[in-house]
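Asker: build me a structure from this.
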Amino acid sequence: MSEKLSLDSILKFLPGRLLAEKPGLAAQIRFSPQPPPSTLTYQEVQETCLRAAVLILIYPKDQEPHLVFIHRTGLGNHHQNQISFPGGGSQAEESIEQTALREAREELGVATEKITIAGQLTPLYVQPSNYCVFPVVAISREEIHFKPSPCEVAAVIEVPLAHLLDDNSLRGETWFLRGRQVLVPFYQYEDHKIWGATAMILSELLELIGELKPR
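Answerer: Numbers count the residues shown, from 1 in each chain. Next up is the predicted model:
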């Protein structure tokens, strides 16, 4: 982008944009391992899948918008040693937003009363785990100092949004996954590779934010 993206412009744009039609599977599938394990959507599986939520938190750091990811430890129940958004499975009688906020508090010590929910991205069905992941987008006007849970978080990864919007962050490698060779697209940040469901969710967010680019 020719000019720096401001947090104010994102805050003004995203809540309304998230209520409109979203890119959905078309954006998500671009960052799925190829060939993809599944192209089923949440609408096709609905009540047969488990429900989970993640929090996509946009906040200022060094005077520019950032996103936070966690490098999980090997101690949790899911996605051990992977990079992901804070999140986890929904509990009984809990809304999707409540799940995302609770997980952010538990995993990163986020004071969630100080952030604004902007809306939700398209739910993503993750066939290998039979989870439907609901991405909740939130924005903080203040810098956040994270207090990660040592049981769940090996490292906190704070990534400038401008870096992820730069095509130079895009990579792809051939990996051996679930008994076959697949091409895995990912976002590279320093020595971190953001791939899989996290990259698929991120792809849709970045496509939406890319609409703010001057034409």
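
Asker: the closest residue to residue 121 other than its chain neighbours: which element?
Answerer: Nearest non-adjacent residue to residue 121, counting by C-beta to C-beta, 6 or more residues apart in numbering: residue 135, 4.0 Å away. The way it works is simple: take the backbone N, C-alpha and C, and place the C-beta from them, glycine included. Assigned by DSSP states H and E, residue 135 falls within strand 131-139.

Asker: in the helix or strand following that strand, which residues are buried?
Answerer: Next in sequence after strand 131-139, counting helices and strands by DSSP H and E, comes strand 153-160. Residues of strand 153-160 classed as buried by neighbour count (16 or more other C-beta atoms under 10 Å): 153, 154, 156, 157, 159, 160.

Asker: for the lowest-mean-pLDDT helix or strand in the chain, packing partners?
Answerer: For the chain, counting by mean pLDDT, DSSP states H and E, helix 42-45 ranks last in confidence among helices and strands (a mean of 86). Other helices and strands packing on helix 42-45, by 3 or more C-beta pairs under 8 Å, 6 or more residues apart in numbering; DSSP states H and E, are strand 124-126.

Asker: name every strand pairing with the strand it packs on and say which way it goes.
Answerer: Taking DSSP bridges as the criterion, strand 124-126 forms sheet pairs with strand 131-139 (antiparallel).

Asker: can you give me the strands for this structure?
Answerer: Taking DSSP state E, the strands of the chain run over residues 50-61, 64-72, 83-84, 87-89, 116-120, 124-126, 131-139, 153-160, 170-177, 180-189, 192-194.

Asker: and of those strands, who's closest to residue 105?
Answerer: Counting by C-beta to C-beta, residue 105 lies closest to strand 50-61 out of those; the figure is 9.6 Å.

Asker: buried set for the closest one?
Answerer: For strand 50-61, the buried set under the neighbour-count rule, 16+ other C-beta under 10 Å, comprises 51, 52, 53, 54, 55, 56, 57, 58, 59, 60.

Asker: what's the closest of those residues to residue 21?
Answerer: Distances from residue 21 to the buried residues of strand 50-61, taken by C-beta to C-beta, are shortest for residue 56, at 18.8 Å.

Asker: check contacts around the closest one.
Answerer: By C-beta atoms under 8 Å, 6 or more residues apart in numbering, residue 56 lies in contact with 67, 85, 121, 135, 136, 137, 138, 201, 202, 205.
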